[in-house]
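Engineer: Let me see the structure of the following:
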Amino acid sequence: MSTEPKDLNSPLPIQIYNQDGTLTAQGKAFLRRLWERTGYALGTDSAWTALEADIALLSAAQAQSVANAALAEAKSALELAQQVLLQATSIRTEAAKALEFSDDSAIL
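Structural biologist: Have a look, this model is predicted:
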């Protein structure tokens with residue numbers, strides 16, 4: 001699959017804003033990491049989760065394509081088997097008639 005997700009764990013800094021109310025560099029990093037988190041598992045970023053979902057979707061589409069090809073091949077094989085069965089039934093009928101004719105000829 002893909003690489004491991006980025007480690008986005010970020011402890012709450014002691015002070016995330018300056019005296020004038022602007023964010024400190026540590027506060028910006030904390031809020032950015034908080035923003036990037038998905039909310040499901042601590043430290044999992046949404047970009048990695050989206051990448052994993054895309055990979056799974058592509059794999060599912062590929063599997064569906066292979067399954068559709070296999071289904072088409074199975075239908076073709078079934079049609080061929082039905083034709084062979086029909087021919088075998090026809091040959092059996094002809095053989096039964098020939099046997100009946102030979103029995104009738106032997107009696108005469």
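Engineer: Give me the distance from the helix or strand encompassing Val66 to the chain's centre.
Structural biologist: Using DSSP states H and E, the element containing Val66 is helix 46-107. Distance of helix 46-107 from its chain centroid, counting by C-alpha atoms, centre = their mean, to the nearest Å, is 23 Å.
Engineer: pLDDT (mean, whole number) over that helix?
Structural biologist: Helix 46-107 carries an average pLDDT of 92.
Engineer: Can you tell me which helices and strands that helix packs against?
Structural biologist: For helix 46-107, there is no helix or strand it packs on, judged by 3 or more C-beta pairs under 8 Å, 6 or more residues apart in numbering; DSSP states H and E. In short, each C-beta sits where N, CA and C put it, glycine included.
Engineer: What residues of the helix or strand containing Arg32 count as buried?
Structural biologist: Assessed by DSSP H and E, Arg32 sits inside helix 25-36. Buried residues in helix 25-36, counted by 16 or more other C-beta atoms under 10 Å: 27, 30, 33, 36.
Engineer: residue contacts, the residue nearest to the spatial centre of the chain?
Structural biologist: Closest to where the C-alpha atoms of the chain average out (C-alpha atoms, centre = their mean) is Ala60, at 1.8 Å. Taking C-beta atoms under 8 Å, 6 or more residues apart in numbering as the definition of contact, Ala60 has no neighbours.
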